[in-house]
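# Any chance you could fold what I've pasted below:
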Amino acid sequence: MDRKDKYDHPGMWCQAHRMSLPEPNTDTILCVPQKNGNVDWNLLMYQLWTGVLPKSAVEAKHFRGRYTYGSTNVSSTSHVLFIARHPYSRLLSYYLDKVVASHYSDRFPALRKKAKFSEFVQYLHGRWVAEKLSSICILDHHLCAQVEGCYFPDAAETIILKHEDERSWIHCELKYRLNADDAKLFDPDWRRRGFRNGPCFYEPDCHSNTTGGIITGSFHPTHASSPEVLEAHYDRNTARLVNDLYAADFAILGYAKWDGQEPFFVANITLHSSSSSSSSSSSESRS
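Alright, predicted model coming up:
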């Protein structure tokens with residue numbers, strides 16, 4: 001049986017983490033696509049369900065079957081919190097984590113060893129076109145478009161929460177929609193168990209090292225949202241190919257595309273083409 005046929009929604013095929021919440025928020029579903037911080041959100045969900053943090057990320061992973069995947073049904077009464085990320089930084093994070101650091105290149109036998117990011121994107125786009133793939137999920141579920149796993153048009157409400165704007169929404173959403181009080185968010189075990197550099201879920205609250213205000217626990221942080229890392233890996237053609245691969249994410253999630261000419265914003269950072277001014281905007285220094 002094709003694995004796509006095993007599930008009632010592409011979100012199951014793509015293995016996006018759609019997580020149900022304990023009472024009184026049983027009509028709220030937290031949906032986190034792969035490469036959008038699902039390890040960190042799994043830790044918080046474990047804590048919300050059990051009252052304590054897991055001893056390890058592996059323990060949280062084993063537990064999540066109780067509140068995610070098949071046990072979570074999205075209906076017309078569901079309120080979906082969709083954790084989104086800019087497609088540019090998300091795909092770059094995959095490359096740095098899975099291809100460079102984890103040697104996932106074995107999954108792509110035609111890709112040369114130590115391929116540059118631009119070569120990796122060309123490889124993905126080439127297979128997508130040549131094989132007429134409906135989705136690059138077929139190549140690896142981590143590569144699925146975010147909307148394939150977390151966008152449910154028939155839900156009562158879908159709230160898109162962008163990583164890049166995390167500072168503006170995280171406290172409100174955590175406390176009022178997830179019912180996570182300060183005792184959970186500022187638990188010393190966040191640091192004791194190696195999940196954070198400080199005793200809190202959201203790193204900026206601990207005044208610790210962060211990447212653009214985005215949650216970056218001790219789990220394979222790639223810094224793919226930093227202006228320096230993005231600018232080092234993206235050129236006009238690479239951006240164009242990513243625009244094609246993730247057209248649905250750009251359209252539905254409202255992210256800007258880069259034409260390689262003018263600066264544009266990803267999170268609070270500005271990318272410049274090599275022909276543009278080398279001066280940095282004030283927004284770059286804040287991210």
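
# For the rest of this, base every contact and every neighbour count on C-alpha atoms.
Fine.

# quick one: average confidence on the helix or strand hosting Met19?
Assigned by DSSP states H and E, Met19 belongs to strand 17-20. Model confidence over strand 17-20, given as mean pLDDT, is 86.

# How far away from the center of its chain is it?
Here the centre of strand 17-20 is set off from its chain's centre by 14 Å, with CA atoms, centre = their mean, to the nearest Å.

# tell me which element Ala180 falls in.
Using DSSP H and E, no helix or strand contains Ala180.

# swap in Asn42?
Going by DSSP H and E, Asn42 is part of helix 38-50.

# Now do that helix: which elements does it pack against?
Using 3 or more CA pairs under 8 Å, 6 or more residues apart in numbering; DSSP states H and E as the contact test, the elements touching helix 38-50 are helix 57-63.

# Just the residues contacting the helix holding Asn42, thanks.
17, 19, 21-22, 32, 52-54, 57, 60-61, 63-64, 180, 184, 201, 215, 217, 219 (CA atoms under 8 Å, 6 or more residues apart in numbering).

# hmm, 7 Å instead?
His17, Pro22, Val32, Leu53, Pro54, Ala57, Ala60, Ala180, Gly217 (CA atoms under 7 Å, 6 or more residues apart in numbering).

# Now do His171, the pLDDT please.
According to the model, His171 carries a pLDDT of 86.

# And the helices in this protein, which stretches?
10-14, 38-50, 57-63, 87-94, 117-130, 146-150, 166-172, 182-185, 189-192, 227-233, 236-245, 247-253, 282-286 (DSSP state H).

# Need the winner for burial among the ones you listed.
Of all those, helix 146-150 has the most neighbours on average by mean count of other CA atoms under 10 Å, namely a mean of 25.

# thinking again about what came up before, name the member of the contacts of helix 38-50 with the most neighbours.
Comparing the contacts of helix 38-50 by number of neighbours (other CA atoms under 10 Å), His17 comes first, having 27 neighbours.

# Look up how far Ser225 lies from that residue.
Distance, His17 to Ser225, by CA to CA, to the nearest Å: 21 Å.

# go on, Ser102?
For Ser102 relative to Ser225 (CA to CA), the value is 19 Å.

# Pick out whichever of these two has more residues nearby.
Ranked by neighbour count (other CA under 10 Å), Ser102 and Ser225 place Ser225 first, with 27 against 13.

# Does the more buried one touch Ser89 like I think?
Yes: contact criterion CA atoms under 7 Å: Ser225 and Ser89 qualify, at 5.3 Å.

# Sort out which one of the contacts of helix 38-50 lies nearest Arg107 for me.
The closest of these to Arg107 turns out to be His17 (CA to CA; 22.4 Å).

# what residues are up against the nearest residue to the closest one once chain neighbours are set aside?
In this structure, His17 finds its nearest non-sequential neighbour in Val32, 5.0 Å apart by CA to CA, 6 or more residues apart in numbering. The contact partners of Val32, by CA under 7 Å, 6+ apart, come to Ala16, His17, Arg18, Asn38, Phe82, Ile83.

# any idea how far the first one is from His171?
Going back to what we said before, that points to Ala16. Per CA to CA, Ala16 is found 23 Å from His171.

# Could you do the third one as well?
According to CA to CA, Arg18 and His171 sit 20 Å apart.

# go on, the second one?
Computed with CA to CA, the distance linking His17 and His171 is 21 Å.

# could you say what helices and strands the strand holding Met19 packs with?
strand 28-32 (3 or more CA pairs under 7 Å, 6 or more residues apart in numbering; DSSP states H and E).

# CA atoms of the strand it packs on as CSV?
What follows is strand 28-32, C-alpha atoms only, in CSV (Å, rounded to 0.1, in the frame of the first residue of the first chain):
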residue,chain,number,x,y,z
THR,A,28,-7.5,23.6,19.7
ILE,A,29,-4.9,21.8,17.6
LEU,A,30,-1.2,22.9,17.4
CYS,A,31,0.2,21.9,14.0
VAL,A,32,3.9,22.1,13.5
